[in-house]
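Chemist: Sequence first, then the predicted structure:
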Number of protein chains: 2
Amino acid sequence: MPLGTLYLFPVPLAQEAEHKSYTSFSRTVLLNLREFVVENEKTARKFIKQTGLDIPQQDLIMHDYGKHAREKVDYKQILRAALLGEDMGLMSDAGCPGVADPGALVVAAAHRLGINVVPLVGPSSILLALMASGFSGQKFAFHGYLPIDKQARAAKIKELESQAKREDQTQLFIETPFRNNALLDELLKSCKAETKLCIACNVTGKDEYIRTYTIKNWKDKKPDLHKKPTIFLLYVNAN
Amino acid sequence: MPLGTLYLFPVPLAQEAEHKSYTSFSRTVLLNLREFVVENEKTARKFIKQTGLDIPQQDLIMHDYGKHAREKVDYKQILRAALLGEDMGLMSDAGCPGVADPGALVVAAAHRLGINVVPLVGPSSILLALMASGFSGQKFAFHGYLPIDKQARAAKIKELESQAKREDQTQLFIETPFRNNALLDELLKSCKAETKLCIACNVTGKDEYIRTYTIKNWKDKKPDLHKKPTIFLLYVNAN
């Protein structure tokens, strides 16, 4: 018997962004699935409800891997339906499963078990920020969170700045949203005047804000990023 | 008078993949645009036709920046409509504008000119491959093309392999499609037996093929990648 397919469903990044977030193909696939592996059952059910598709919530089986410590997740168990030939869906809390979230471990398990994996098109704040930055998309690196320690963070920022220049590579990173303003201050202090910084905030949201300036030019137009999901991008070579 | 917005339109990656490639929001935006900056006028017109939207081709104004040497492009001229308050669209030849294509220079010019930039959700083979690989999406780097010279390429592969291990970072790269099989041979020769390789081929196409194995396990199931658009991903830590 052939195994099922695990479809990777991106989930909207912002409120009221459903129409910006999924394709008609994703809707068709979703209509035929009843069993899901999810990072957050509540978000996943809300997402399915918001699609407006006629899918009875009580028929849905949700395996919430986000509730458990990662080493405790029994991947063979939560992917059992796929092993028995059923197609399944994987959803993260927001954005693309496997990108800056623990969904990658579920996908890795699917590969080990021989389950076919099909990624669906959807919103990634990292990719949308890269597109909209105007920086090099020929070479780029996403670093996740920078160190929390002030000195280590300042050193990391300088390292990313030299890496951007040396390798002509766009550097992307994030911060816990309540520390965004502190990170911005640090970037304005540590980087060279001509280094370019793109700030991509609330991507796909109603108040989406994406701007690119040099460090020098940011200094007199600092936005308030407190508690707003933000991607920071550094680039050095002249564009 | 406020300036127009430059919408960044991803274009399908594969034949007959339109329904997998754009959102209803993108269709709504597209209906209202008449002037575009494009990497390839023919592809752009074909894409608009395939959406099935009622947009008369003769009404469309296309500024084809792909025809010119990059230093010769007059960005102020091709973005003139946006400077006069009209919304415009930017389309690359395939995939997301600005990611591994020269559209980034158009976006950079838009930022310099104060034009608002809005990225739309769509297919990126790099991001879809990352999602489907099962590798770390917490940290990753895209390197574009590896060196052509055999020795330099082998050295670069070893460097990427150590970087993957040292920084727990997924390494992504591409090759000119007619050299894909040669690159695969080189990867199987240069990398350690337990290093993981994901091959993502014809992403979103009817014959999409995405598999992750260790180098050792790839050796007896080498796919034919000749002339097929492929993303290669290396990862080392245990998943």
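Modeler: All right, it came through fine. Numbering: from 1, shown residues only, chains lettered A, B, ... in the order given.
Chemist: If you count neighbours, what's buried in the helix-or-strand element of chain A with minimal mean pLDDT?
Modeler: Ranked by mean pLDDT, DSSP states H and E, the weakest helix or strand in chain A is helix A:41-50, scoring a mean of 91. Across helix A:41-50, burial judged by 16 or more other Cβ atoms under 10 Å in any protein chain shown covers A:41, A:43-45, A:47-48, A:50. Where you see a C-beta, it was placed from the backbone N, CA and C, and this is true even at glycine.
Chemist: Residues in contact with that helix: which ones?
Modeler: Contact with helix A:41-50 is made by A:9, A:11-12, A:18, A:30, A:36, A:38, A:55, A:57, A:60, A:62, A:64, A:91, A:93-94, as judged by Cβ atoms under 8 Å, 6 or more residues apart in numbering or on different chains.
Chemist: Which of the residues you listed sits closest to A:G103?
Modeler: A:M91 (8.0 Å; Cβ to Cβ).
Chemist: Please tell me how far the closest one sits from A:K67.
Modeler: 14 Å (Cβ to Cβ, to the nearest Å).
Chemist: These two: who's more crowded?
Modeler: Per other Cβ atoms under 10 Å in any protein chain shown, whichever of A:M91 and A:K67 has more neighbours is A:M91, with 27 against 12.
Chemist: re earlier: so which of the contacts of helix A:41-50 is the closest to B:Y22?
Modeler: A:E18 (14.3 Å).
Chemist: Just give the number of residues close to that closest one.
Modeler: The number of residues near A:E18, taken as other Cβ under 10 Å, comes to 18.
Chemist: Then the one 3 residues further on?
Modeler: The burial count assigned to A:S21 is 26, neighbours taken as other Cβ under 10 Å.
Chemist: residues contacting it?
Modeler: For A:S21, the contact set (Cβ under 8 Å, 6+ apart) comprises A:10-13, A:122-123, A:204, B:23, B:121.
Chemist: how does chain A divide into domains?
Modeler: A:5-119, A:125-235 (automatic domain parsing).
Chemist: If we ignore the residues flanking it in sequence, what's nearest A:N32?
Modeler: Nearest non-adjacent residue to A:N32, counting by Cβ to Cβ, 6 or more residues apart in numbering or on different chains: A:D87, 6.8 Å away.
Chemist: That neighbour and chain B, how far apart?
Modeler: From A:D87 across to chain B, the span is 15 Å (Cβ to the nearest Cβ, to the nearest Å).
Chemist: Where does the prediction get shaky in chain A?
Modeler: A:69-70, A:238-239 (pLDDT under 70).
Chemist: Helices of chain A, start to end?
Modeler: A:24-31, A:41-50, A:75-78, A:80-83, A:103-112, A:125-133, A:150-167, A:180-190, A:215-218 (DSSP state H).
Chemist: Give the burial count for the closest residue to A:G122 other than its chain neighbours, as a bare number.
Modeler: Closest residue in space to A:G122, ignoring its immediate chain neighbours: A:P10 at 2.3 Å, by Cβ to Cβ, 6+ apart. Number of residues near A:P10 (other Cβ under 10 Å) recorded here: 28.
Chemist: Go ahead and confirm A:P10 touches A:C96.
Modeler: Yes: in this structure A:P10 lies within contact range of A:C96 using Cβ atoms under 8 Å: 4.5 Å.
Chemist: Pull the number of nearby residues for A:K192.
Modeler: 12.
Chemist: isn't it right up against A:K158?
Modeler: No: using Cβ under 8 Å, A:K192 is not in contact with A:K158, being 9.5 Å away.
Chemist: Show me which pair in the contacts of A:S21 is furthest apart.
Modeler: Pairwise distances across the contacts of A:S21 peak at 13.5 Å for A:V11 and B:T23 (criterion: Cβ to Cβ).
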